[in-house]
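>>> sequence and computational prediction follow.
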Amino acid sequence: MVKSGGDTAVEVRNLVRAYRGRKGELIKANDGVTFSVPRGQVFGLFGTNGAGKTTLVLQLLGLLRPTSGWVRVNGIDVLRDPEMAKSTMGFLPQTALSMKMLEVRRALHYTGRLRGQSETDARRQTDELIEELSLGPYADRQVGRLSGGLTRLVNFGMTMMGRPEMIVLDEPTNELDPHNRRQIWDIIERRSALEGTTIVLVTHNVLEAEKAVHRVAVMHGGRITAMGTPGELKEQMGAQARLELFVREGDSLTEEEIARLSTVGQVSQGNRSGSYLIAAEPDRMQALLHVLVSDVGVGRVDDFRFARPTLEDVYLSLNLKQDADTPAANGQVTTEAKRGAQDPEALPSASDPAPESAEMAPAVAGSDRRLTTVPLPRELALPAPGPPASHRTRTRALPVLARPETAVETAAESAADPAPEPVLELVPKSAPTPTSVPDPASAPAPAKPTGPRSGKHRRVRVRLPFRARLARFGTSFKYLWFEHMLNIRTTWHIHMVFGIVMPLAMVFGFSRIGSGLTDNQSLYYIASGSGVFTIAALGTSAIAQRMGDIKAEGLMLYYASLPISKVAFVTAFIASRLLLIAPGLVTSLVSVRLMYDLQLTLSPLLLIVYPVTTLPLAAMGLVIGSLIDRTELIALVANVLNFILLLGAPLIIPSQALPLPLRALSYVMPTTYGADAIRRSVSDTVDTTFAIDIGVLAVMTVLALGLANRMLRWRAG
Ligand SMILES: Nc1ncnc2c1ncn2[C@@H]1O[C@H](COP(=O)(O)OP(=O)(O)OP(=O)(O)O)[C@@H](O)[C@H]1O
């Protein structure tokens with residue numbers, strides 16, 4: 001595989017994503033994030049809920065525009081050329097992926113094709129992944145009918161399709177059993193070691209991830225507060241050892257016993273009742289054992305073991321400190337007055353030189369590691385090596401019961417030291433130099449972002465040649481259309497029955513009104529009106545509701561993360577639905593022909609009338625589904641709209657016979673022009689009015705599709 005963009009897979013510089021809160025406060029989901037990831041590394045991104053991980057990941061994927069700063073992935077400026085950047089990345093979101101109505105084999109194959117793989121390569125990799133993930137017995141079963149764990153495994157495989165240079169995994173082992181979790185970690189390690197795939201891994205499963213990750217960044221309040229290899233981060237804890245103690249079932253330590261143990265180490269509650277963790281310097285372990293035997297008594301101990309701190313311990317100790325030091329950490333909500341924060345519009349632009357503090361320090365000569373420092377404000381920096389968390393703090397996971405009397409650090413002491421503590425980033429010598437953060441002077445000028453309220457980034461798209469774009473569009477359209485068609489394979493007959501029964505009932509019912517509207521003129525009106533109403537009812541509502549479902553299932557971001565265009569997505573989506581609603585028009589015409597022997601001219605012009613009538617209606621459905629978030633509200637709005645459309649498309653009376661308000665309404669409704677155009681093409685009265693109908697419908701189609709395109713959010717923001 002030809003790798004793009006040198007030895008560095010990810011370069012992120014001064015990334016800020018700010019939101020305005022309801023009360024005008026500034027919410028910084030990301031706040032000056034700077035880091036780089038060498039190619040082929042497994043990079044773990046840890047942090048508490050709301051730390052800013054998802055925001056960062058979405059910006060890496062080009063799905064969320066930063067307020068300021070810039071991101072380059074695999075050598076591609078993500079802001080300038082998101083489409084190109086996407087083609088080098090695979091993404092496994094926390095939520096489900098699409099293709100769940102497809103069989104496993106098809107889901108993998110189609111994903112490969114959508115990611116730009118050739119037919120042969122997509123088939124070959126599908127077979128390889130089915131083998132590697134032990135999915136053989138399920139290859140021909142529908143993804144949506146598999147267990148949650150197996151579905152996750154298939155989704156993981158889909159992320160690998162197309163052999164992307166980098167994959168971003170958001171909680172990849174969620175819902176998996178221990179065996180499958182092990183398999184995923186093995187694959188992650190293999191991909192990185194053998195194929196040089198860069199992996200950005202967001203997980204709360206720190207304990208398991210420790211074995212797979214090369215480097216880790218811990219986030220808190222939108223910032224990276226610690227970064228390094230697991231070994232380096234563990235060194236931050238000092239050379240501490242810990243004793244895990246389990247007292248007999250139903251028993252617990254008394255306050256006096258905890259106090260005695262605390263003279264030697266820091267005592268915390270374990271994960272279950274009756275379990276305790278005692279952290280102490282290794283040379284204090286003998287004293288600890290002595291206290292355990294003499295003060296607690298061997299008879300009360302069920303089990304105990306010595307252990308070195310894990311990455312999870314480091315992570316918890318960081319959270320412990322940060323929770324204490326930054327009470328409003330989540331989302332880093334600050335008011336301008338309090339923090340002197342800038343309005344997002346005035347935040348530094350990506351082209352501004354990086355502040356001094358973000359520059360990487362030169363390598364330390366003679367060291368087996370190069371030491372780089374990224375100074376951060378004191379309240380967010382790592383604790384210095386030595387005794388861990390302060391006695392002021394209590395962790396949610398492991399409440400500190402008491403800490404060693406010998407290592408008391410007061411809040412006053414720490415506050416008295418004004419020197420900023422640096423976050424240490426220790427990079428092994430074998431890794432590429434951290435100078436991968438480019439010199440702003442030599443770096444290509446990034447898009448100049450502005451504040452979230454003020455508008456848009458200046459984006460210069462790097463365009464593929466027209467033929468290549470056309471070929472990409474064709475493949476995307478084909479496989480998305482297949483996906484949509486296969487999605488409706490279990491429900492198509494319901495649509496069909498509805499599409500036949502509804503116009504049949506309308507034709508029958510209207511022709512029986514009063515003494516019977518069976519004259520030719522009335523029957524032409526009834527046939528065309530029933531056809532258009534069926535198209536509106538089935539098209540607009542079904543499209544709006546399906547769009548609502550896609551959003552509710554969180555699939556929109558996944559589609560947007562694929563290297564496909566929004567146009568390909570929308571056209572394939574609408575095209576698949578148009579086929580479903582076509583019978584509505586045909587049935588209304590056929591029924592008047594059969595019931596009343598009405599002469600119809602099946603003009604080829606119908607081939608123009610049908611799409612120009614259905615497209616604005618479909619686009620309306622798309623707008624409703626995109627604008628409204630609640631699926632039940634979507635159904636309500638779509639149905640109310642259908643009634644309004646019905647008023648505007650007179651079924652049995654010419655619009656001239658309508659009262660003025662309804663006539664005025666009919667002039668702005670596509671259904672009116674559609675019904676008129678259908679009537680004229682089947683009754684052989686094609687004239688200038690028909691041309692006007694088609695013209696108005698064409699304009700409405702363009703406007704409605706343009707509006708739908710604007711309303712459909714292809715990015716998170
Ligand atoms: N659209 C938005 N408007 C306002 N605030 C937002 C928006 N999106 C994110 N935030 C805030 O930004 C902060 C970071 O959110 P983010 O989703 O990135 O955190 P996270 O680390 O991924 O959390 P989790 O582990 O729970 O998924 C949160 O406090 C969140 O409330």
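Cool, got the structure.
>>> quick one: contacts for residue 296?
Taking C-beta atoms under 8 Å, 6 or more residues apart in numbering as the contact definition, residue 296 lies against 247, 253, 257, 260-261. Any C-beta I mention is one placed from the backbone N, CA and C, and that applies to glycine too.
>>> likewise for residue 139?
Counting by C-beta under 8 Å, 6+ apart, residue 139 makes contact with 103-105, 130.
>>> likewise for residue 93?
By C-beta under 8 Å, 6+ apart, residue 93 lies in contact with 170, 554, 557-558, 561.
>>> just name the closest of the contacts of residue 139 to the ligand, please.
residue 104 (27.8 Å; C-beta to the nearest ligand atom).
>>> ok, and the most crowded of the contacts of residue 296?
Each of those was scored by neighbour count (other C-beta atoms under 10 Å); the top score is that of residue 261, with 25 neighbours.
>>> can you report phi and psi for that one?
Taking degrees, to the nearest 10, you get phi -60, psi -30 for the backbone angles of residue 261.
>>> and what of residue 102?
Dihedral angles (degrees, to the nearest 10) for residue 102: phi -100, psi 160.
>>> ditto for residue 266
Dihedral pair for residue 266: phi -90, psi 120, per degrees, to the nearest 10.
>>> same question, residue 269
Summarising the backbone geometry of residue 269 under the convention degrees, to the nearest 10, its torsions are phi -70, psi 140.
>>> what two of the contacts of residue 296 are the furthest from one another?
For the contacts of residue 296, with distances taken as C-beta to C-beta, the pair at the greatest spread is 247 and 260 (14.1 Å).
>>> buried ones in the host helix or strand of residue 592, by neighbour count?
Take DSSP states H and E as the rule and residue 592 turns out to sit in helix 566-596. By neighbour count, and taking 16 or more other C-beta atoms under 10 Å as the criterion, the buried residues in helix 566-596 are 568-578, 580-593, 596.
>>> are we agreed that residue 602 is in a helix?
No - when DSSP: H, G, I helix; E, B strand; the rest coil is applied, residue 602 is found to be coil, with no helix at that position.
>>> right, and it touches residue 678 too?
No - with contact defined as C-beta atoms under 8 Å, residue 602 does not count as touching residue 678 (11.5 Å).
>>> mind checking which of these two has more residues around it?
Neighbours per residue, other C-beta under 10 Å: of residue 602 and residue 678, the larger number sits with residue 678, 27 against 10.
>>> before we move on, back to that, closest one to the ligand out of the contacts of residue 93, please.
Distance to the ligand, by C-beta to the nearest ligand atom, is smallest for residue 170 among the contacts of residue 93, at 8.1 Å.
>>> so how far is residue 200 from that closest one?
As defined by C-beta to C-beta, to the nearest Å, residue 170 lies at a distance of 9 Å from residue 200.
>>> what touches both of these two?
With contacts taken as C-beta under 8 Å, 6+ apart, the residues that reach both residue 170 and residue 200 are residue 57.
>>> quick check, pLDDT for residue 643.
For residue 643, the pLDDT comes out at 83.
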